[in-house]
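In: Attaching a predicted model along with its sequence, questions to come.
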Amino acid sequence: MENMTIIGWLHTIACVLAMITGGVALFAIKGSVDHKKWGRWFFYTMLVTNVSALLIYPEGQFNVFHWMAIGTLVVLLLGWYAAPRQRSVGWANMHLSCMLWSYYMLWGGLVNEAFLRVPVLKQFSPFFGADGAVFGMIQMVVMLVFIVLWLKFLIRTTRRFKQRSVV
């Protein structure tokens, strides 16, 4: 932590805020004032998180984590674009999917950072020569949690639209 730059601190603070605001938006009543307010905060903190990630070069070169930040930005912007167009099930599911997967990338990044920086986890880290089994299992559990959430929300959203069309 002693070698962290201002960009590194900005990135870290934005990540923590994005985790909080994203969680609140995710579990707020969809379409509510709270969901929209916290969703905006999530969007802005994720923008700062990913743009700042593009400015961090620990080994002095562009790497896989920079590509992940670019991918997350694309998904985040697509989800933001889809938000006001949710009158159709396609756009509603696009918004849901993009925002949820950008939130997943944040949690996946936390696992990566933990295995890079937490001394007790470094011994299990593929970044430091371990076989990566523990790291992989934890990443898989995080991914499975998000897949379950994604399917739950997709089913709920699709049912909501089907009920509207019947009425």
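Out: Arrived safely. For clarity, every value in this text was computed on a predicted model and none was experimentally measured. Residues are numbered from 1 along each chain as shown.
In: Low-confidence regions, the chain specifically.
Out: Where the chain drops to pLDDT under 70, the residues are 1-2, 166-167.
In: what's the single longest helix in it?
Out: Ordering each helix of the chain by length in residues (DSSP state H) puts helix 133-166 first.
In: show me what contacts the residue most central in space within the chain?
Out: Nearest residue to the geometric centre of the chain (CA atoms, centre = their mean): Y103, 2.1 Å. By CB atoms under 8 Å, 6 or more residues apart in numbering, the residues touching Y103 are A18, G22, G23, L26, F42, F146. Where C-beta positions appear, they are placed from N, C-alpha and C, glycine not excepted.
In: For the second one, what is the enclosing helix or strand?
Out: The secondary structure element spanning G22 is helix 6-27 (assigned by DSSP states H and E).
In: Can you tell me what sits against that helix?
Out: 4, 34-35, 38-39, 41-42, 45-46, 48-49, 52-53, 55-56, 99-100, 103, 106-107, 109-110, 149.
In: Which among these count as buried?
Out: Buried subset of these (neighbour count, 16 or more other CB atoms under 10 Å): 35, 38-39, 41-42, 45-46, 48-49, 52-53, 56, 99-100, 103, 106-107, 109, 149.
In: Can you tell me the SS state at M4?
Out: When classified by DSSP: H, G, I helix; E, B strand; the rest coil, M4 comes out as coil.
In: The nearest residue to it once chain neighbours are set aside and T5, how far apart?
Out: The spatially closest residue to M4, leaving aside those adjacent along the chain, is T12, at 7.5 Å (CB to CB, 6 or more residues apart in numbering). Distance check for T12 against T5: by CB to CB, to the nearest Å, it reads 11 Å.
In: re the thing from before, for the residue nearest to M4, give its distance to A133.
Out: In terms of CB to CB, T12 sits 28 Å off from A133.
In: And for S52?
Out: 31 Å.
In: Spit out the contact partners of the residue lying closest to A18 once chain neighbours are set aside.
Out: Excluding the flanking residues, the one nearest A18 by CB to CB, 6+ apart is T45, at 3.9 Å. By CB under 8 Å, 6+ apart, the contact list for T45 reads A14, C15, L17, A18, T21, G22.
In: now, which of the contacts of helix 6-27 lie within helices?
Out: 34-35, 38-39, 41-42, 45-46, 48-49, 52-53, 99-100, 103, 106-107, 109-110, 149.
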